[in-house]
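Undergrad: sequence and predicted structure below; questions after.
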Amino acid sequence: MGVAKYIKDEKDRITDVILQSGIHVKPLYTEDDLKEVEFDYRKDLGNPGEYPFTRGIHKLGYRSREWTTRQYTGFGTPEETNKRFKLMISQGQTGLNVAFDLPTQMGYDSDDPMAEGEVGRVGMAVDSLRDFEIAFKDIALDRIGSGLTINAIASIMLAMYEAVAEGYGFSKEQISATPQNDILKEIVGRGAWIFPVEPAVRLIGDVIEYSMKEMPKTNPVSVCGFHIREAGATPAQEIAYALRIANAYIENVLERGYHIDDFVARFSFNLDIFGNLWEQVAKFRAARKLWAKNIKEKYGANNDRSMFLRGIFGGGQGGLTKQQPENNIARSAYHALAAALSGAQTTALGSFDEAYTIPTPHSALISLRTLQIIMDEVGLRDTVDPLAGSYFIETLTKQMEEKIVEEMDKIDAIGGMVTAISSGYIQKEVARQAYEFEKGIQSGELIKIGVNKYTEGEQKEVELHEYSDESAIEQIKSLRELRRTRNNKEVTRSLKALEKAARDKVNVMPCLVDCCKVYATVGEMTGVFRDIFGEFVEPRIF
Amino acid sequence: MSTKRIRILIGKPGLDGHDRGAKVMAHALKDAGMEVIYSGLHQSVPSIVKMALEEDVDVIGLSIMSGAHVPICKKTLELIKKEGLDRVIVVVGGVIPAKDIPVLKEIGVAGVFPGGTPFEESIEFIRENVHD
């Protein structure tokens, strides 16, 4: 998969394999290797469903329940997105994963000059509750959970989700949302940040605290190693950075006077399945163990559920190629296999045309079917953690654990993740790895079929999603109409209350729900925060 | 061909925050002996042109993944002309469909390097085309 270095002799025999995390793979593993890494079944693995949960958090794995499928979906207007949501659900998709356009992610209304050319382009445009009412119309929000891919203003979108559900007759106790709500990874790898680190992390804490009290089925944070890996980090760095980012959020909530068992069981993770198959499986197994240990030993949790590393393991878009794009269907199937062998609770795949743009219905359905085939046809539901006990996998899992700990120690030596990110250390490290990877691809040292091996001259045309200016015009028209027809006195009142809460450092969530219900816009609510918090100043280093 | 040390500003215009490609290019150009300044994310065209002026660069390299490359490049070239920065050349990288390359050249973009272009190709182009 172009993600390990293969050293070969003159007869094309492989003499060494070096995984991205720096581990050398041997040609043969025996019980001696397990002895060398001091493998101990009880201590290192335990049975599935038992501490340290290396083999999985549920006793019976996929026998008790297949994974949730959640393809990333959203574009244009809320009407168009609602139609696509319904299509995916009618085809057997079991959860939603909402894509927002860039102006929404950055807290701008669709008619803001900053939004020009971007409305509805990479996701759905959302200006107010009116848009959510259209997008989630006729969707059983008590049955279908929704991932909300939003970070800097996750608080606003979760409040809006509560408001829309209530309007459709679903209580906040019934609904299950997973706002991504991970601002530190945005600073490292995806770039949709707005506020400085301290108030940004405070907003993350507000969402976690509010969910703990009011929305018991909601997962208030999805810590994304995914985007850090896609930005260039090695698999070991991906896990190390994600676990340390999670700790930064934990500490914000603990400072509010809660016990770890009060809230951490609802944490979830979004991790990447791009990479060498064995390294991926070992990575997830080591990650579950390290998270459980962290929660139990560092924070003194007593409840097993607090120690579960649950998550969406998906995507792998970085592994997809523009060249010979249909080959990505095969690549994604292997990504799905890696996710299943790793015990993912939820999954999603990059669609074959995603190296170009957001998927068509055709390509999105191929991804969904790939995930369904893995569960229903191939045998991945037969038995839990099927690779356990392999001399190779167990040795590699121990080695990955060591590599991840090494990376975590580096962060701790700097003074924790907030410092490591504010100073730009992590961003620099990730960019360096991205450069090394690109050099490897360009030199042919890392093989990528269709890119640097078995290339074809002519690019094949594929049918792509077309961006429509008309959706943007439509969106702006309905936003302007909303501003004319809503009760503007109520909007002003609710925004004032929000401003006070933000200044007084009390939890802003109840005020945001109130703002959403009277149709305050995303730009107005974010504007309140911008005025009080200011904006993050990025270290311009590479 | 220029022999002095080339100064290049890598600019990320617009709201898109995917800067992997921009940073990878920054590293490659630096390794090739150029002086590289990175604009950081979420920049407007005027702020990028202002930076180019202040940093006295020879080249502006825009990294655009959002699909809005044509209007952004148009604006940049217009502003450069207005500011009298005619000696600065503009090159573009990112997600650029082949059909848009002639459109960008028509606007005045000197070179277009879609994702995956070999480093040497972009580096050589800049060396050959930068104004003395």
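TA: Okay, I see it.
Undergrad: residues near the residue of chain B found nearest chain A, how many?
TA: As assessed by CB to the nearest CB, chain A sits closest to B:G17 within chain B, at 1.5 Å. For glycine as for every other residue, the C-beta is placed from the backbone atoms N, C-alpha and C. When counting by other CB atoms under 10 Å in any protein chain shown, one arrives at 22 neighbours for B:G17.
Undergrad: cool, A:E458 as well?
TA: Neighbour count of A:E458, defined by other CB under 10 Å: 5.
Undergrad: what do you get for B:G108?
TA: Summarising burial for B:G108: neighbours were counted as other CB under 10 Å, giving 15.
Undergrad: and it, how far from B:I96?
TA: Going from B:G108 to B:I96 by CB to CB, to the nearest Å gives 15 Å.
Undergrad: A:E214 now?
TA: 46 Å.
Undergrad: more neighbours: those two, which one.
TA: When A:E214 and B:I96 are compared for neighbours, B:I96 comes out ahead with 23 against 15, by other CB under 10 Å.
Undergrad: without its sequence neighbours, what residue ends up closest to the more buried one?
TA: Setting aside the residues directly before and after it, B:I96 is nearest to B:P114 in space (CB to CB, 6 or more residues apart in numbering or on different chains), at 4.5 Å.
Undergrad: with A:F267 instead?
TA: Leaving aside its sequence neighbours, A:F267 sits nearest to A:V221 (CB to CB, 6+ apart; 5.7 Å).
Undergrad: let's see the pLDDT reported for the residue of chain B closest to chain A.
TA: With respect to pLDDT, B:G17 scores 92.
Undergrad: that one against A:I194, yeah?
TA: No: contact criterion CB atoms under 8 Å: B:G17 and A:I194 do not qualify, at 10.7 Å.
Undergrad: how about the secondary structure of the residue of chain B closest to chain A?
TA: Per DSSP: H, G, I helix; E, B strand; the rest coil, the secondary structure class of B:G17 is coil.
Undergrad: ditto for A:I312
TA: Per three-state DSSP, the local secondary structure of A:I312 is strand.
Undergrad: re earlier: does the residue nearest to B:I96 touch B:V95 like I think?
TA: Yes: the criterion here is CB under 8 Å, and B:P114 meets it with B:V95 at 7.1 Å.
Undergrad: these two: who's more crowded?
TA: B:V95 (19 against 16).
Undergrad: tell me which element the residue nearest the centre of chain B is part of?
TA: A centroid search over chain B (CA atoms, centre = their mean) returns B:G61, at 1.3 Å, as the residue closest to the centre. For B:G61, the host element (DSSP states H and E) is strand B:59-64.
Undergrad: for the residue nearest to B:I96, phi and psi?
TA: With angles defined as degrees, to the nearest 10, B:P114 sits at phi -60, psi 160.
Undergrad: what pairs with it across the strands?
TA: B:P114 has the following beta-bridge partners by DSSP bridges: B:G94.
Undergrad: need the contact list for it.
TA: Shown in contact with B:P114 (CB atoms under 8 Å, 6 or more residues apart in numbering or on different chains): B:93-96, B:98.
Undergrad: hmm, 10 Å instead?
TA: A:322, B:21, B:92-98, B:100-101 (CB atoms under 10 Å, 6 or more residues apart in numbering or on different chains).
Undergrad: ok, of those, which come out buried?
TA: When those are checked for burial by 16 or more other CB atoms under 10 Å in any protein chain shown, the buried set is A:322, B:21, B:92-96, B:100-101.
Undergrad: ok, back up a step: which neighbours do B:P114 and B:V95 have in common?
TA: Counting by CB under 10 Å, 6+ apart, the common neighbours of B:P114 and B:V95 are A:322, B:21.
Undergrad: confidence score at A:I393?
TA: The predicted local confidence for A:I393 is 98.
Undergrad: that one against A:L387, yeah?
TA: Yes: if you go by CB atoms under 10 Å, A:I393 and A:L387 touch, sitting 4.6 Å apart.
Undergrad: per-residue confidence for B:H131?
TA: At B:H131, the model reports a pLDDT of 89.
Undergrad: just how off-centre is the helix or strand harbouring A:R432 within its chain?
TA: Taking DSSP H and E as the criterion, A:R432 maps to helix A:425-443. Distance, stretch centre to chain centre, for helix A:425-443: 21 Å (CA atoms, centre = their mean, to the nearest Å).
Undergrad: kindly report the same for stretch A:496-510.
TA: How far stretch A:496-510 lies from its chain's middle: 28 Å, per CA atoms, centre = their mean.
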